[in-house]
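[1] how would this look folded up:
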Amino acid sequence: MANVNYEGPLQFDDEWRLIQTELIDVLVGVLDGTLDPKQMTIGIYTSAYTKCFKLSTPPHNLTHELYRKHGQTIENYLVQTVLPALRAINGRDGPILLRELQRRWKNHKAMNRWLQKCLSNLDRFHCKHNDVPLLEDVGMTLFKRHIYDEIKVDTTSAILSLINQEREGEIIDKTLVKSTVESYEMIDMENLESYTSDLETPFLAATREYYAQKREAWIATDSTPAYLTKAETSYEAERNRVTDYLNPASESKLLEVFKEEILAKVSLELIQSESSGCSSLLADDKSDDLKRMFRLFSRIKNGTVPMAANVESFIVIKGEEINNQRQARLDGGEKDKNDDPTYIKALITLHNKYLGVITENFSSDALFQKALKDAFTEFVNKNIGKFTNAELLSTYCDRVLRTGGENLNETEVDECLNSIIQLFSYLTDKDLFAEIYRNQLAKRLLNQIQLFSYLTDKDLFAEIYRNQLAKRLLNQRSASSDAEKSMITKLKLQCGTQFTSKMEGMFNDLAVGVDQKKEFDKKMTEHDNIKMDFSVQVLTIGFWPTYKSPAVALPSGLSECMDIFEGWHAKKHAARKLKWMFSHGTASVKATFGKKVYDLQVVTLQAVALEALNGGQTIPFVELAKKLNLEEAIMKPLMHSLSCGKFKVVTKSPASNKINITDTFVANSRFSSKMRKVRLPMASLDASHNIKQVEEDRSTTIEASIVRIMKARKTLKHKDLQASVLSQLAFFKPKPRDIKKRIESLIEREYLERDPQNQNLYKYLA
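    Numbers count the residues shown, from 1 in each chain. Prediction:
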């Protein structure tokens, strides 16, 4: 360019004729297919660019003329070449018109681009300084004015025809439709005004008309399940149609039209159909059809309201049938009494069934949960006979809990009690239930105490009961604090203060812990960096059972909270030493599997293990044990609870119900549960009672009894001493050889001695 000679006047028309001949005519020929594309060489482009540059720069500055010529050139090409070609095929088959339009649109963009490159100096200076449109915008505006506005009605009609053909199952050229739709989107450059007014609006109107006809045809011939199957298929097809070739902004409008025409206008007719509506599907247990109905009608405003009303009415009818069956039994001569397990079991079965239906088929939607509650509230509170349903329910609860009642195992009892509580929640006279239940509970406790009085191993009972009580209290699984205290009071009356002192101490620890928790919670508010709720229950070591305390490697966040508590506790109780019992701590872990969030109720050891597996990494057993600093005997029940239980939040390889040291573990990415709050029980690391500790306590008690007797009597024969010991020990009945062993031990430690003259006579040594 440095060699270009700018001197001397230039004749603009002569120069432009050269540009027209050398570049534009060749470009048009190539685009129309009359010239070989190889004729469009870099030399032609360079020559044209040089001429345009020379005309647009000093001393000539003919930018206005160049800008005008650019517009004229494109306009002439569109009017003289493109428009006649499109008019020639207009009225023929729609795809032919669309293909020709796309070819001409592609050619126009190519010509626009070549001219823009040759005249790029105009975009840089002339357009900016004179506030006129850029060259590309000029080209788009001219195409819209001379081509798009001329044929848009015909192209829109062709597109809609192809879409309806696809709806009827025919195969169409989706790429052609997509490229044509893109021309609607691009024609306005910065907005979708043309797409919205010229294509989307008539498309939505055509869609409404199409599905109005389909609705009338389907509703006249199809059952509700068949209608909804077609509706769901069409719904997904319309969503895919947007993905395939329409603008994403059209999806919500399209689906709204579809839902209004196919679902909203016939929702009541479909749901309330006597032969195939919601009630019929419930009666026939058509789970898939119910799920589909819920999926579809939940997409329209208030669409599930009539469904829920239908479900409620259906459940009420089923409940009334159970009431009528009880009434028929009473009318048939059956004795009316406050114990009718058949009736309560029928209610529980009904509730479990439709709770499952609502959970499984209606995604536990609140509207359907309310329908279930309202339905049961209506018929559960209709008393049949002279006994109220509160009495019948409470008596059945008593059957489940008392010895010799329903003969259920622990799991079945727990499930049954959960069902009873559900029914209880529907009672209006809950206070009556409470009064009856309290009286029955008192009877059960009294019966238990009466049986207890016949035990000889009362100390063993106390050890086991204390362990079970501790587990209930620490895990917050006690059904009633009042019932627990009532039981301890009765044991205290039976055996004395010493027998229940540790149990009472456990309750005292919990009571003190409430105040400590409040104080520590205030302390924790000073630490803004702590992102977890952390609380500690301090137990007095002498009151509670002895637990295993593995030195597990804790996450940094938990360690930090523990350090804060230890510092706070040391200031309040400097003489007390803390020992952490991780095997009995509890944690609530927020876990996300897929798109669903769960609240996992676990013990501290499980929480630490889950933290170690967080992130999807696969860890071998040995490596995980080393990471957690836990021995094999603790790791096996720990990992079994996470990978082999009812809720497998961890996947083990190879799959089995036994943990081996060669196993590997990874978080179960496919875990799913109907419940948001999931409890993961773990086998206790401690025995239900420590028999060795019981034996040691018995030895100490026997020795203490011997010393008390000998201190008072000074000398005593073996037979008399043994009889006195047996009479003093109320909690257990030791064997004679156990008493003899303790006497020998006391002699060795010089508390007693044998008379030298009589080996069966013992003397007390002061």
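
[2] what ranges do the helices span in the stretch 301-450 of the chain?
    305-331, 341-361, 366-380, 389-401, 410-426, 430-452 (DSSP state H, counting those that start in this stretch).

[3] Go through those helices and find the least confident stretch.
    Ranked by mean pLDDT, those bottom out at helix 430-452, which scores a mean of 52.

[4] Now Gly94: closest residue in space that isn't a chain neighbour?
    Nearest residue to Gly94, sequence neighbours excluded (Cβ to Cβ, 6 or more residues apart in numbering): Ala158, at 3.1 Å. In this view, the C-beta of every residue, glycine as well, is placed from N, C-alpha and C.

[5] From Leu347, how far out is the nearest residue to Ile358 once chain neighbours are set aside?
    Ranked by Cβ to Cβ, 6+ apart and with sequence neighbours excluded, the top spatial neighbour of Ile358 is Phe368, at 4.6 Å. Distance from Phe368 to Leu347, counting by Cβ to Cβ, to the nearest Å: 19 Å.

[6] Pick out whichever of the two has more residues nearby.
    Legend: neighbour count by other Cβ atoms under 10 Å for Phe368 and Leu347, higher for Leu347 (26 against 23).

[7] correct me, but the more buried one touches Asn323?
    No: here Leu347 does not reach Asn323: they are 9.2 Å apart, not a contact under Cβ atoms under 8 Å.

[8] What residues of whichever strand or helix holds the residue nearest to Gly94 count as buried?
    Assigned by DSSP states H and E, Ala158 falls within helix 149-167. Neighbour-count burial for helix 149-167 flags 150-152, 154-156, 158-160, 162-163, 166-167 (criterion: 16 or more other Cβ atoms under 10 Å).

[9] do stretch 88-95 as well
    Result for stretch 88-95 [16+ other Cβ under 10 Å]: buried residues 94-95.

[10] which residues touch stretch 756-766?
    710-711, 713-719, 721, 743, 747, 750-755 (Cβ atoms under 8 Å, 6 or more residues apart in numbering).

[11] what's the answer for stretch 42-52, then?
    By Cβ under 8 Å, 6+ apart, the list of residues contacting stretch 42-52 reads 1, 4, 15, 18-19, 22-23, 26, 66, 114, 117-119, 121.

[12] could I get those as CSV with distance to Lys128, secondary structure and neighbour count?
    Formatted as CSV, those follow (distance: Cβ to Cβ, whole Å; DSSP: H, G, I helix; E, B strand; the rest coil; neighbours: other Cβ atoms under 10 Å):
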residue, distance to Lys128, secondary structure, neighbour count
Met1, 22, coil, 8
Val4, 24, coil, 10
Glu15, 24, helix, 18
Leu18, 27, helix, 13
Ile19, 23, helix, 22
Glu22, 28, helix, 16
Leu23, 24, helix, 21
Val26, 30, helix, 20
Leu66, 15, helix, 23
Trp114, 21, helix, 18
Lys117, 17, helix, 14
Cys118, 18, helix, 24
Leu119, 14, coil, 25
Asn121, 11, helix, 17
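
[13] ok so, going back, quick check: the residue nearest to Ile358 touching Val311?
    Yes: using Cβ under 8 Å, Phe368 is in contact with Val311, at 6.0 Å.

[14] what do the two both touch?
    Contacts common to Phe368 and Val311, judged by Cβ under 8 Å, 6+ apart, are 358, 362.

[15] all strands of this protein, in order?
    Taking DSSP state E as the criterion, the chain carries its strands at 586-593, 596-603, 619-620, 650-653, 664-667, 677-679, 715-717, 752-754, 761-764.

[16] how close does the closest residue in space to Phe565 that isn't next to it in sequence get to Gly585?
    Excluding the flanking residues, the one nearest Phe565 by Cβ to Cβ, 6+ apart is Val536, at 5.2 Å. Applying Cβ to Cβ, the value for Val536 to Gly585 is 9 Å.

[17] Could you do Glu274 as well?
    58 Å.

[18] more crowded one of the two?
    Applying other Cβ under 10 Å to Glu274 and Gly585 shows that Gly585 carries more neighbours, namely 19 against 7.

[19] List the residues that contact the residue nearest to that one when sequence neighbours are not counted.
    Distance criterion Cβ to Cβ, 6+ apart; nearest residue to Gly585, sequence neighbours excluded, is Thr604 at 3.5 Å. For Thr604, the contact set (Cβ under 8 Å, 6+ apart) comprises 552, 582-587.

[20] likewise Gly513?
    Gly513 sits next to 537-538 when contact means Cβ under 8 Å, 6+ apart.

[21] Same question for Asp36.
    Val30.

[22] got it, and Leu134?
    Contacts of Leu134 (Cβ under 8 Å, 6+ apart): 123, 127.

[23] From Leu86, how far off is it?
    The gap separating Leu134 from Leu86 is 26 Å, by Cβ to Cβ.

[24] those helices in the stretch 551-700 of the chain, which residues are they?
    If you assign secondary structure with DSSP H, counting those that start in this stretch, the helices in the stretch 551-700 of the chain sit at 556-572, 604-613, 621-628, 632-643, 691-713.

[25] Relative to Arg241, which of these is closest?
    Proximity of the helices of the stretch 551-700 of the chain to Arg241 was assessed by Cβ to Cβ; the nearest stretch is helix 604-613, lying at 43.1 Å.

[26] Kindly state the pLDDT recorded for the closest residue to Lys259 other than its chain neighbours?
    Of all residues not flanking Lys259 in the chain, Ile300 sits nearest, at 5.0 Å (Cβ to Cβ, 6+ apart). pLDDT for Ile300: 93.

[27] What distance do you get for the residue sitting nearest the centre point of the chain to Ala470?
    Among the residues of the chain, the one closest to the centroid is Lys596, at 2.6 Å (Cα atoms, centre = their mean). Going from Lys596 to Ala470 by Cβ to Cβ gives 35 Å.

[28] Met111 too?
    Distance from Met111 to Ala470, by Cβ to Cβ: 88 Å.

[29] next one: Gln20
    100 Å.

[30] higher neighbour count, those two?
    Set side by side, Gln20 and Ala470 show more neighbours around Ala470, with 20 against 15, by other Cβ under 10 Å.

[31] I figured that one was touching Thr546, is that so?
    No: using Cβ under 8 Å, Ala470 makes no contact with Thr546, being 10.5 Å away.
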